[in-house]
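Undergrad: let me see the structure of the following:
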Amino acid sequence: MSEYSERQAFPAVNVQVNHVEPVPRRIRAVLAGETVLDTTRARYVWEVPYYPRYYIPLDDIRGDLLVADGSGPQDGPRGRVHLHGLRVGDIERPGAATVVRESPIAGLSATVCFEWGALDAWFEEDEQVFVHPRSPYVRVDALRSTRRVRIERDGVLLAESSSPVMVFETGLPTRYYLNRTDVDFRRLIPTDTVTACPYKGTTSGYWSARIGERLHPDLAWCYDFPTAALLPIAGLVAFYNERVDLFIDGHQVDRPRNRAARAAG
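TA: Here you go, the predicted structure:
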């Protein structure tokens, strides 16, 4: 499950579509070692209610790297736009940039919106950002606790801890990160799955659980190198509340309704 679909399942603060706000942070993005954009004048634009995208002033972009696709102007929900690709040496990214020439929305004329995956890396100030821009309306806190957490699947104990780190993220269920010594790895099988989160970083491990003859894929994950704000979860293991039986201080917690979770929360 992507960050976008997960936030649809657990809506956070929904912002009106086409809402625009200034970004107070320096934004940069690179492709093949070249800085494509560098700006302190970016804007957040909510094309969907769940999270924003960056719109970058045209003057703050390496114009020599933009390649017109020859399709001519198009009228869209944010005004008249032209599609462009990116070219850095032998690297090409067709359709990577939407140039907004004229817009009825204040602040969007002469800006560019890039497809996130067309760039190799994005940065807010000097910290890399993953998946999409961080919403100013989402808060993520990692708090140490002495509440007892017990995790089971099909009646089998997978983990138990009295020293979890609880992650509270706007729009998502509380996640419980546990010391590896509190997890029964005899039941877990490592997988090659990797997911990323704008607020926590990129996962370094996933595990499936084998209970009897049944395999429960990608049931747990960890971040060995999370973002600075989430350092308390480094190296700890979390399980999907949606797919396990979770007990807090001896009381079972109802599973969230989103049972198809696929991206680490």
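Undergrad: C-terminal to the biggest strand by length in the chain, what's the next element?
TA: Secondary structure of the chain per DSSP state E: the longest strand is strand 91-102. Next along the chain after strand 91-102, taking DSSP states H and E as the criterion, comes strand 111-114.
Undergrad: now do that next one: which elements does it pack against?
TA: If you count contacts as 3 or more C-beta pairs under 8 Å, 6 or more residues apart in numbering; DSSP states H and E, strand 111-114 packs onto strand 34-39, strand 53-57, strand 91-102. All C-beta spots, glycine's among them, are computed from the backbone N, C-alpha and C.
Undergrad: okay, and the beta partners of Ile248?
TA: Beta bridges link Ile248 to Val149, His251 when assigned by DSSP bridges.
Undergrad: circling back: now the longest strand of the chain, how far from the centre of its chain.
TA: 23 Å (C-alpha atoms, centre = their mean, to the nearest Å).
Undergrad: check stretch 90-105 too.
TA: For stretch 90-105, the distance to the chain centre is 22 Å (C-alpha atoms, centre = their mean).
Undergrad: dump that stretch to CSV, restricted to CA.
TA: The C-alpha atoms that make up stretch 90-105 are tabulated as CSV, following Å, rounded to 0.1, in the frame of the first residue of the first chain:
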residue,chain,number,x,y,z
ASP,A,90,22.4,10.7,-21.5
ILE,A,91,19.6,10.5,-18.8
GLU,A,92,16.1,11.4,-20.0
ARG,A,93,12.9,11.6,-18.0
PRO,A,94,10.0,12.2,-20.5
GLY,A,95,6.9,14.0,-19.1
ALA,A,96,8.7,14.8,-15.8
ALA,A,97,7.7,18.4,-15.6
THR,A,98,4.4,20.2,-15.9
VAL,A,99,5.1,23.9,-16.5
VAL,A,100,2.2,26.2,-15.4
ARG,A,101,2.4,29.2,-17.7
GLU,A,102,-0.9,30.9,-16.6
SER,A,103,-3.1,30.0,-13.7
PRO,A,104,-6.3,31.5,-12.2
ILE,A,105,-4.9,30.3,-8.8
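Undergrad: of the helices and strands packed on strand 111-114, flag the one that's most buried.
TA: strand 53-57 (a mean of 22; mean count of other C-beta atoms under 10 Å).
Undergrad: could you check the angle strand 91-102 makes with it?
TA: 80 degrees (axes from the mean of the first three to the mean of the last three C-alpha atoms, to 10 degrees).
Undergrad: list the contacts of strand 53-57.
TA: Residues from elsewhere that reach strand 53-57 (C-beta atoms under 8 Å, 6 or more residues apart in numbering): 20, 23, 27, 37, 39, 41-47, 100, 108, 110-114, 116, 122, 132-133.
Undergrad: which is the next helix or strand following it?
TA: Next along from strand 53-57, by DSSP H and E: strand 66-68.
Undergrad: got the buried residues for that next one?
TA: Neighbour counts using 16 or more other C-beta atoms under 10 Å place 66-67 of strand 66-68 among the buried residues.
Undergrad: for the following helix or strand past it, packing partners?
TA: Going down the chain from strand 66-68, the next helix or strand is strand 74-76, by DSSP H and E. On a contact count with 3+ C-beta pairs under 8 Å, 6+ apart, strand 74-76 meets strand 79-88.
Undergrad: partners of the strand it packs on in the sheet?
TA: By DSSP bridges, strand 79-88 pairs with strand 66-68 (antiparallel), strand 74-76 (antiparallel), strand 91-102 (antiparallel).
Undergrad: and the contacts of the second one?
TA: Meaning strand 74-76. So strand 74-76 is contacted by 80-83, 98 (C-beta under 8 Å, 6+ apart).
Undergrad: so the residue nearest the centre of the chain bridges to which residues?
TA: What sits nearest the mean C-alpha location of the chain, by C-alpha atoms, centre = their mean, is Cys197, with 2.8 Å. Beta-bridge pairing of Cys197 under DSSP bridges involves Gly201.
Undergrad: one more: Tyr223?
TA: Taking DSSP bridges, one obtains Ala234 as the residues bridged to Tyr223.
Undergrad: circling back: how about the helices and strands packed on strand 111-114 in JSON lines, adding mean pLDDT and distance to Thr227?
TA: Below are the helices and strands packed on strand 111-114 laid out as JSON lines (pLDDT from 0 to 100; distance: least, C-beta to C-beta, whole Å):
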{"stretch": "strand 34-39", "mean pLDDT": "98", "distance to Thr227": "21"}
{"stretch": "strand 53-57", "mean pLDDT": "98", "distance to Thr227": "18"}
{"stretch": "strand 91-102", "mean pLDDT": "94", "distance to Thr227": "25"}
